[in-house]
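Trainee: Build the 3D model from these lines:
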Amino acid sequence: MMRYLILDQREKARSGLERQLARYPNIECLGSHAAPGNGDVWHGTRPDIVFLGSDLPGLETLLCRNGNAGHHTPVVVMLGDLPVHALTAIELQVTDFLLRPVDTIRLEECLRRVRLELQRQRDLAQVDSLSETLAEIRNGAASANIGQVYRDFWIRSLHETVRVPQSSIIWIEAARGYSYFNLEQRQLLHRISLLELESRLDPAHFLRVHRSAIVNVHYIVRTQANRHGTYQLSLANGEQVRIGRKYRNKLADYMAGRQGESLVAA
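Mentor: As a prediction, the model looks like this:
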């Protein structure tokens, strides 16, 4: 069963696409909206496919943050009125582009591509899971090494190389072979995986809370669950980070050991 969400400012386009998709078996509609949600851009749902109108405000930022969904990152298909909008879709690296009004044969080809992309993501998730297991084995073997020095990072940004002290990192988000370093005043993209980062970050200050997120524990304000049963962290800079199911116990153990201490950086 594939589940989809439509985000398009044009009601006629949304309803038309929904009618077309209703003809296909094993495809479920999770909602049809004119804009992303405020707290959760996918309106509290976990879609496999998101159909996005090319004229949505903040489209590039929305796609950039889509990586935070971790192993459940939806496949994105862009909708547009003009063929030239396909260039935007290519630049933003979405899976496919559909011209409004959507042609039936073209829609069938799009769904075929989406199924292939979803299968590819599942395969990559299995590879990542195996890689994490191997990394845990290696880290366990290396845990006897004491006195390790946890160095700052040097990250290239445009025409400069920036020194990033570990203490200035609020949280780190995976982005398909890259990682976003979220700092107080800016966000930097660095070519390094979370698996590599785990061995370079000081474990006294950083904790993996999701398959795609590592947080600086000194910036944690609270943990909370929303009405959909998803747990997340609130950080001192106002951002929220989802807590993965397999990481909840580790986080709970850490916080239990810090009872009475302030985790928020001064």
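Trainee: Please make it C-alpha for all contacts and neighbour counts, starting now.
Mentor: Noted.
Trainee: And for stretch 95-102, what's in contact with it?
Mentor: The contact list for stretch 95-102 (C-alpha atoms under 8 Å, 6 or more residues apart in numbering) reads 13, 17, 75-83, 86, 89, 106-107, 110, 113-114, 117.
Trainee: Can you list which of those residues are found in helices?
Mentor: Using DSSP state H, 13, 17, 86, 89, 106-107, 110, 113-114, 117 are the members of the contacts of stretch 95-102 that sit in helices.
Trainee: Where does confidence bottom out across the residues you listed?
Mentor: Lowest in pLDDT among the ones in helices among the contacts of stretch 95-102 is Ala89, which has 86.
Trainee: got the contact list for it?
Mentor: Contacts of Ala89 (C-alpha under 8 Å, 6+ apart): 78, 96-97.
Trainee: For it, give its distance to Glu184.
Mentor: To Glu184, Ala89 is 31 Å away according to C-alpha to C-alpha, to the nearest Å.
Trainee: Give me the buried subset of the ones in helices among the contacts of stretch 95-102.
Mentor: Listed as buried from the ones in helices among the contacts of stretch 95-102 are 13, 17, 86, 89, 107, 110, 114; burial here means 16 or more other C-alpha atoms under 10 Å.
Trainee: So which of these is the closest to Arg211?
Mentor: Val114 (22.6 Å; C-alpha to C-alpha).
Trainee: quick one: contacts for that closest one?
Mentor: 49, 75, 95.
Trainee: Does the nearest residue to the second one once chain neighbours are set aside have any beta-bridge partners, and if so which?
Mentor: Translated: Val75. Among residues not flanking Val75 along the chain, Ile49 sits closest, at 4.7 Å (C-alpha to C-alpha, 6 or more residues apart in numbering). Judged by DSSP bridges, the bridge partners of Ile49 are Tyr4, Val75.
Trainee: Next up, the contacts around the closest residue to Asp152 other than its chain neighbours.
Mentor: Closest residue to Asp152 apart from its sequence neighbours, by C-alpha to C-alpha, 6+ apart: Pro165 at 4.6 Å. Taking C-alpha under 8 Å, 6+ apart as the criterion, Pro165 is in contact with 151-153.
Trainee: Next one: Gly80, what pLDDT does it get?
Mentor: Gly80 is given a pLDDT of 93.
Trainee: Extract the C-alpha trace of stretch 151-159 and format it as PDB.
Mentor: The C-alpha trace of stretch 151-159 is given here as PDB (Å, rounded to 0.1, in the frame of the first residue of the first chain):
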ATOM      1  CA  ARG A 151      38.800  17.900  17.600                       C
ATOM      2  CA  ASP A 152      36.800  20.800  16.000                       C
ATOM      3  CA  PHE A 153      35.500  20.600  12.400                       C
ATOM      4  CA  TRP A 154      36.700  22.600   9.400                       C
ATOM      5  CA  ILE A 155      33.800  23.100   7.000                       C
ATOM      6  CA  ARG A 156      34.000  24.700   3.600                       C
ATOM      7  CA  SER A 157      31.200  27.200   2.900                       C
ATOM      8  CA  LEU A 158      31.200  29.100  -0.400                       C
ATOM      9  CA  HIS A 159      34.600  30.800  -0.600                       C
END
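Trainee: Identify the residues contacting it?
Mentor: 161-166, 188-190, 200.
Trainee: Go again with 6 Å.
Mentor: With contacts defined as C-alpha atoms under 6 Å, 6 or more residues apart in numbering, stretch 151-159 is touched by 161-166.
Trainee: Kindly present the ones in helices among the contacts of stretch 95-102 as a markdown table, with separate columns for distance to Val221.
Mentor: Shown next, in a markdown table, are the ones in helices among the contacts of stretch 95-102 (distance: C-alpha to C-alpha, whole Å):
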| residue | distance to Val221 |
| --- | --- |
| Ala13 | 42 |
| Leu17 | 42 |
| Ala86 | 42 |
| Ala89 | 37 |
| Arg106 | 48 |
| Leu107 | 45 |
| Cys110 | 43 |
| Arg113 | 41 |
| Val114 | 38 |
| Glu117 | 37 |
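Trainee: from those residues, which single one is nearest Met2?
Mentor: Distances from Met2 to these, taken by C-alpha to C-alpha, are shortest for Val114, at 9.5 Å.
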